[in-house]
Structure formats: C-alpha cells, structure tokens
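Undergrad: when you get a sec, could you give me coordinates for this:
(chains A and B)
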Amino acid sequence: MFIRIEKAPEPTPVKVIGVFILALTAALLVAGGLFSVYGLNPLQNLGIVWQRTFGNSHGWSEIVRHATPLMVVGLGMLAGGRAQFWNLGAEGQMLVAAITASGIALFVDLPAPLVLPVMFLLGGLAAGLWALIPCLLKAKLGISEIITGLMMNYVAANLVDWLIQGPWRGAATMGYSYTDTFPKYAWLPLIPSTRVHWPTTVCGIALAITLHFLLFHTRLGFNIRVLGENPIAGRYVGLRAVRIFFWVGVLAGGMAGVAGVGEVAGVHHKLLAPQQITLGYGFASVIVALLARGEPLYVLGSSLLLGMILASSDVITVVLHLPAAVTNIFTGLILYFVVSADFFLHYRVRFERRYRRELETANC
Amino acid sequence: MVSLQRSAADRAVDGAQPLLRLESITKRFGSIEANRDISLSLLAGEIHAIVGENGAGKTTLINILFGIYQADSGMILVEGKPTAISSPHKAIELGIALVSQHFLLVERHTVAENLALALPSLRAGFARARISKRIATLNQDYGIALDLDARVMDLSPGQKQRVEIAKALLRHSRLIVLDEPTSVLTPQEARELFQILGRLREKGCAILFISHKLEEVLASSDRISILRKGRLIETVHRKHANKINLSRAMIGAAVICPTKPETAVRPEMRLMVEKMVLAEGAAPFSFEIASGEILGIAGVAGNGQSELAETLSGLRNSGKARITLDGRPLQGCGSREFHLRGVAHIPEDRNRMGIVPSMSVQENFLLRWINSSMFRAGPFLRLRRLRRAVEKAILAYSIVTPSVRTRTSLLSGGNIQKLILARELSEKPHLVIAVHPTYGLDVQAISQVHRCLLDQAAAGAAILLISEDLDELMLLSDRIAVLFNKQMIAQINRADAQMEQLGLWMAGHVGEVRTER
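TA: You can find the predicted model right below:
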C-alpha cells in the first residue's frame, strides 16, 4: 500500500466551511471524550463551554481580547512568512516592546497625551530592531532564523525577569514580581466591562489593510514576494536581498511590538512575568498566519478563530475547574484538527496498491 | 551510417513475427490522454525511431513498455503472447532495457560495480572479476570499450551511456529503448553510439529510440513512428521519409524554419569583451559582437556557458575583463546597471531562473521592470498600465493563457518562454543573451523563438546565443565560437563552419584553432 500526496484544486468557499465544521465536530467529540474521562458529563459541559464562550457578551469580548494580539502578531508573522522568514522570535519582540513601553510609562516625563503614542512608536521600533538580528543574520549569513529567534526569546524573557525582580521592582504582592502600575494616562481605553483594548484592535484592522496594499500594490511588497517564492529568479533580476530582508524584519518585529505594547498598556497596566505578557500568542500567531494563506485580510478571520479557541479553553479552566494541563490538551486537540482541516482543504491523499509514478501534467 | 543490406524492416513487409507488439494502447492522466489507441510493432534486428513534439506522448509510451506505467486499455504482446508488463522488474525479465536521458547509474561507484548490479544473481564481492570476462566479449562484439575501474562520476556522458548499454547487454536484453540518446553527446560521440547500435541490430537486438532530431532519425533508423497529441500518426519506412513529411506529420502542418539571412552586418561593434576569464586558471579570451549579428556559442554543457552568460548579464564578477557596450564600459556594474543599459537575458532554466512560477503572468512580466519607472509611481505599482502592456505582449507574441492573472506555472513551456522573451525584449535591447532558449519546446514554439531572435537582430541588437543544439546554431548564427573547459577555443564564420570540426572543438581537440572575424 503506497500513500501519495498531491495538491488539490483551490477549495470553494462551501468546501472550506464544510471541512472546518467537520474538523470542529471531530475536535469536540474528542474533547467530550476527555470530559468523560474526568467524570464530567460531556454534553452538559460542552454546552456550558459553548454558552459561556459564544452565548454571552463577556464570552465574545474575551474572543476579541485574544484575537487582537493574535491578529497583530499574525500579520507580522505573515509579512515575514511571505519572504520565507519565520519569525518565531515574536514572543521576544513582544517582550522587548513591553519593556520599552513600561520604561516610558513609568520613568519618562512626557506630556500625558503623548505618552501612549510614544509607547507604541518606540515599542514597535525596539521590537523591530530585536527582529533585525535574526533577520539580517539569515539574510547575510544564511543562519536559521528559527534558531536565532527562539534563542532571543529566552534573552528577552530573562531581561524582563531581571527588571521586574531587580531595578524596576514595584510593590511585590504575595511573592509575585512586577513593576508599579502605570499612571492612568498610560492606560489604553477599554470597551467597558471587558478587557478589549480597542485602539489596538482598530490598529490591527488598519494594519491588515495596509499590509495587503503593501504586498500587492507596492514595489517593496512585490520584492518581498519574489524573494519568498523564488529567490533565484529574484537574484537574476537584481533584487537586493539584504535590503528587502531589512524591511521584512522591521515589519514583522514592529507588528509583534505593537501587540506587546497593547498587552501591557491595555490589559495588565504593568510589566510582569514574561509568560503572562505573551501568553503563547507569539506561537499561536504562526497558525493564524498559516491559515491565512498569505493574504493579510484573511488574518482577520483566522485570528478570530484562534481567539475562539483560546477563549473557550479559558472557560474550561475557570468555569469547569479542570486543571490547566487538561485545558492545554483541549486547546491542542482543537488546534490539531483545525490545522489538519487546512491540510485536507489543499491536498489530496491517495492510496495505491502498487508503486506508480504518475505525472501531474502531460509533459511526457 | 545504416547498412543498405536487407534489414529487418524490409523483412517486416514479408510478415515476420514482431518481437513485441503494442495494440491499441491508451493511457490517461486525469483528463489528458497521453497515449490514444497506439498500435506499434517492434522487430528483432531493427532500429525503430519515435519522433514527436514535446507532449506528444513519446516518454509515456516507453514508460508503459518498461513497466513504469500500466496502460488503461490495450494489450502488449511479447513474441505473440499477451503479457502484462507490471513493473520494470518484469520488463527486465522479458528482456527489455531502458537507457533514459538522465542516466540511472550510481555516480560514486565504479563502472564494474554498476555493471555488477545488472547481473541476474547478486553474489557478494569481487564484482570486477566476474565482470571482466563478460566485458571483454562486449568489446569484441560491439565495440563497447569500458574502463572498469573508473568512477562513473568521472565519465563523460557518452561513456556513461555506454555503461548503460553494457548493462542492457549483460542482461541479455532483446529490446533496448533509448530516450533522447544524443541530447548530451557531441557529434562524434553520437556517431559512435549509432555504430554500436548498428552492431547490436546486426546481432538481432531490437532498438527503439526517441529523438526530436530529424536528421539523425533519417540517417540511422529503419522505421520511424510519428506521434502527435497522443496518437500514432503513422509508421514509415526510412525510404519513404524526409524532413518535410516527418515534420508535417509531427505537427499537422508545414513549418517554416527561419534562418539568418546573410545581410550586410552593420560594422559598428555593439559589444566588445576583452580578456575574459571564466574560471581560475583558464586562459583569457576576447570576442566582439556587432550590431545585428548573432554569435553562437557551441559546447557541451558545463564548459563555461553559465559563467559566460552570468558575467555578461552582470550577475557574476567580471574580474579583470573589460566589457564595453555601445562604447561605454560595463564591467564592474551590477545586474541593475546591465538592465538599464539594455542587456536582456533569457536564462537557461526558465522555471527556476526566469519566472516565479506561483505568481501571475502579469506579475512575472513586471519582474524585469521592477526597478525602472515604467510601471511604478514612486513606491507604488501602476497595475493598470502593467496590465495593458502585458495584454499587448500576449497578442504580439501569441502567448496562450486564460488571462493575465493566471498562475504562470500552469502555462506550457513554450508559452512561458514566450512570456520571458516578451518581457526581456519589450524595450529594444542592445544586447540579448539567450541561453538554450528553445530547450524542451515543440517545433512551433522553436520556430517562433527563432523568429523573435532574428527580428531583434534585424532591429540592431547584438545577440549571444548559447546552445547545445548545433543545428540551431548553424541556422541562426553569423559566427560560431566554441567553449571548452571554460575557455573560448575557436571562433569561425558560419559559412566556414562544419559539424565535424565543431564537434572536435567541443570535445577539446584544439588541433586546428582558427579565430576569424
């Protein structure tokens, strides 16, 4: 028995929705099984999760709360991905931006209305510079950006830890370390009774439109796509790879930075433990970018989907009191089914009895 | 080349039993019919050629013969008995051997070790001892001389081919199938190959070969089968075949082959290259191309063609060489500067180097002009203007594509090449560097590409044509130069050029080096 994988024709919208529904149903079935293992009635508890996530406005606000950083980092990830630069250093970039923003909020004397814009600007810039290190190392020396990016995540996380336990330590409560709370003018406005820092969300939507325009209507965007899809042809027409990678790094890092500033200025209002700031967004955004298949406007949809998954897993921890590990299994299962659905949308698997070398075109 | 004795083909008319017969073979890939109702007999002791354009179904047919594919319908009869050739293993058992275009040898092993793989019983060790006796007879009978201790990766393509043929003979093959056997050979090596094939034929072997070179097919085969769009058009005896009726059968219409007219070449020198060195230790050489002139570069692949093309398009450092275009120096500039000065480059591997396959036709047209201000307003792209230019180019070059937004990878090879030509030649280039521009194209497309290049020459461009196809070079060039071992070892006027001499130079026999202007 031989297995062959071949590319399928572009799926119709009907097929996309159908496959995703199938995938989510499968995921929920397995999740229900998980609940029974814990002695919980699967249907009842899935119902509770559904109700609390989609059935009330608080649930939806949590979906948007998660979708916001996912959208922004995801856009940066997509920008990098189009040049085949996989920005797994996004978490570190978020942290570096958070550090910069916290520093400005807490220690720099600026007129109140300027503080938030400066936080975003310099935070994004700092994150962009942080991203340039793996990016230019890849462009000039061919060093894997995945390794350098991941390593720099650790550097940034340790930097945050040092700051919140050391020079920037605020009033510690119950053994946790974090800085003092930001002054009120450094707080992003929220939609009342929610954790949605809407300026970042609006920013994200604007960034999606801008990135789409950049990729498809400007020279830089064209160069980025050529570099990602056929660097050899790019070389033959004289594209300067290093210069293009410079902008890719700035874009990918800058957007991760905007998300990082949004988190500390909108949700936490202080600098705290690195894992609490990034909450895995830097890695979940890889899925957001991949599901968007290279089109920035689709990131709006895929970030909502991932937001739903994260919001529902929060419900499981908080409402059903299941241990965090179980929640992670639940989240992981759903992500697994969603990514598999994407695979089956774009590829076909064929089983064959004998080894055959079939051509896909008739160039015989 | 072929003996005029009464051959198997002549005997076929008397109804001798064919060694192998294909009956109504049909093979589909999805909705495309690669082979349709093909019936063909192969006789022992004949050389049978299959000709056809790219996409006619030739390779599919021999893959079916060799058990790589199974036909969807039809029958194969081996010596009259219906047989299923279910795998290459079965094909080898039946006595069918395949010498494919890209040799299937283990490069790092010696000739003896590769041949040992062909032996029916694979006993461990001492391949050389077992082989050498059998090889001695091969040399005697067929003139195949092999150095058993040489590593395959050090052999020339002609020698590798002989190893493949020896493998076939060690297996006592009765039918040897060759796919485009002379595409990597010099004229001399091709001649030696056909001598060997002639001897095999005399001993009763059946030989089937695919070729698109009509001259060699007419010179060497007994019978010729023409495929077109998956169907067998007819099988003719060599006696009744000539270039015209063969190409008419191949494409269904007569094809006009444009040749370079002997026009008065304008004396102004467009391009002057002095002291070019393509690799460490190679001797520097110089050459010139006048406006309206085509300089053909002959040579077996790997002798400096890529380096020459890349240096003249600004992709490779020219070192101490001096390159002058239109009287102004060009050495030391990047490829952007070369583009701006009017150098067009048609690269040798169109899918890898010339286009971005996943992008649309429109975007691939933009590829070359991205740095000029033609389709740009500052950092923004002028997409409407681009679309209009691409639509004009599609009409002018007869590019077949559903729309300008179609993914370029979906176009056929010929249309991709025409797109590249349209893009590179759209702004009246001063120097055109064309590297294997007709590789893998069908006869119609080849004719169109040639017409294109000749039109550019007529408009005053200097053209450097690098090709492995000597026929093409003889058709189009005003002068021909030969590259060997990263050096230009000869330059000669087309009128004085002869295939024999060119072949010798291509193989490095520097005997009679003439540099003429």
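Undergrad: low-scoring pLDDT stretches of the stretch 1-150 of chain A, where are they?
TA: In the predicted model, the stretch 1-150 of chain A carries pLDDT under 70 at residues A:1.
Undergrad: for it, what spans make up the helices?
TA: Shown for the stretch 1-150 of chain A, the helices assigned by DSSP state H, counting those that start in this stretch span residues A:13-37, A:42-54, A:57-81, A:90-107, A:112-141, A:145-165.
Undergrad: out of those, flag the one nearest B:Pro261.
TA: Each of those has some distance to B:Pro261 by C-beta to C-beta; the shortest is helix A:112-141, at 49.4 Å. To be clear about C-beta, it is placed using only N, CA and C from the backbone, and glycine gets the same treatment.
Undergrad: for the helices of the stretch 1-150 of chain A, give me TSV that also has mean neighbour count.
TA: What follows is the helices of the stretch 1-150 of chain A, written out as TSV (neighbours: other C-beta atoms under 10 Å in any protein chain shown):
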stretch	mean neighbour count
helix A:13-37	15
helix A:42-54	16
helix A:57-81	26
helix A:90-107	28
helix A:112-141	21
helix A:145-165	18
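Undergrad: is A:Lys140 in contact with A:Arg240, as I believe?
TA: No. Taking contacts as C-beta atoms under 8 Å, A:Lys140 lies outside contact range of A:Arg240: 11.8 Å.
Undergrad: for B:Arg151, what are its contacts?
TA: B:107-111 (C-beta atoms under 8 Å, 6 or more residues apart in numbering or on different chains).
Undergrad: from the residues you listed, list just the buried residues.
TA: The neighbour count (16 or more other C-beta atoms under 10 Å in any protein chain shown) marks B:109-111 as buried among those.
Undergrad: chain B contacts on the stretch 101-250 of chain A?
TA: Residues of the stretch 101-250 of chain A lying near chain B by C-beta under 8 Å from any C-beta of the partner chain: A:217-220, A:222-223, A:225-226, A:229-230, A:232-239.
Undergrad: could I have the PyMOL command that selects the buried members from the residues you listed?
TA: Buried residues among those (16+ other C-beta under 10 Å), as a PyMOL selection:
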select buried, chain A and resi 218+219+220+222+223+225+226+229+230+233+234+235+236+237+238+239
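Undergrad: among the residues of the stretch 101-250 of chain A next to chain B, which lie within helices?
TA: For those, the ones inside helices are A:217, A:219-220, A:222-223, A:225-226, A:229, A:232-236, with DSSP state H as the criterion.
Undergrad: closest one of these to B:Pro329?
TA: If you rank those by distance to B:Pro329 using C-beta to C-beta, A:Tyr236 comes first, at 22.4 Å.
Undergrad: follow-up on the earlier one: which of the ones in helices among the residues of the stretch 101-250 of chain A next to chain B sit farthest apart?
TA: The largest separation in those, counting by C-beta to C-beta, is between A:His217 and A:Ile232 at 24.9 Å.
Undergrad: would you point out which residue is most central in chain B?
TA: For chain B, the residue nearest the mean C-alpha position is B:Ser183 (5.0 Å; C-alpha atoms, centre = their mean).
Undergrad: quick check: that residue touching B:Phe103?
TA: No. Between B:Ser183 and B:Phe103 there is no contact under C-beta under 8 Å: 11.8 Å.
Undergrad: next, count neighbours for residue 243.
TA: As the question left the chain open, I've gone with chain A. A:Arg243 has 12 neighbours, counted by other C-beta atoms under 10 Å in any protein chain shown.
Undergrad: oops, wrong one, chain B.
TA: Residues within reach of B:Lys243, counting by other C-beta under 10 Å, total 13.
Undergrad: residues touching the closest residue to it other than its chain neighbours, list them.
TA: Distances taken as C-beta to C-beta, 6 or more residues apart in numbering or on different chains put B:Leu214 closest to B:Lys243, at 5.1 Å, once the chain neighbours are dropped. With contact set as C-beta under 8 Å, 6+ apart, B:Leu214 has these partners: B:51, B:243, B:246-247.
Undergrad: helix, strand, or coil at the closest residue to B:Asn485 other than its chain neighbours?
TA: Beyond its immediate neighbours in the sequence, the residue positioned closest to B:Asn485 (C-beta to C-beta, 6+ apart) is B:Asn303, lying 5.9 Å away. In terms of secondary structure, B:Asn303 is coil; the call rests on DSSP: H, G, I helix; E, B strand; the rest coil.
Undergrad: burial check on B:Asn303, number of neighbours?
TA: The local packing of B:Asn303 (other C-beta under 10 Å) involves 23 other residues.
Undergrad: that one reaches B:Leu483, doesn't it?
TA: Yes. If you go by C-beta under 8 Å, B:Asn303 and B:Leu483 touch, sitting 4.8 Å apart.
Undergrad: worst-scoring helix or strand of chain B, pLDDT-wise?
TA: Each helix and strand of chain B was given a mean pLDDT (mean pLDDT, DSSP states H and E); the minimum falls on helix B:8-12 at a mean of 55.
Undergrad: so does the next helix or strand after it get close to chain A?
TA: For helix B:8-12, the succeeding helix or strand toward the C-terminus, using DSSP states H and E, is strand B:20-29. Yes. Contact of strand B:20-29 with chain A is found when judged by C-beta under 8 Å from any C-beta, involving B:Phe29.
Undergrad: partner strands of strand B:20-29 and their direction?
TA: With DSSP bridges as the criterion, the sheet partners recorded for strand B:20-29 are strand B:32-42 (antiparallel), strand B:73-78 (antiparallel).
Undergrad: now do the buried residues in it.
TA: For strand B:20-29, a neighbour-count test (16+ other C-beta under 10 Å) marks B:20-23, B:25-27, B:29 as buried.
Undergrad: same check on stretch A:336-349?
TA: Neighbour-count burial for stretch A:336-349 flags A:337-338, A:341-342, A:345 (criterion: 16+ other C-beta under 10 Å).
Undergrad: now those residues in CSV, with secondary structure and pLDDT?
TA: Formatted as CSV, the buried residues of stretch A:336-349 follow (DSSP: H, G, I helix; E, B strand; the rest coil; pLDDT from 0 to 100):
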residue, secondary structure, pLDDT
A:Phe337, helix, 90
A:Val338, helix, 85
A:Ala341, helix, 87
A:Asp342, helix, 85
A:Leu345, helix, 86
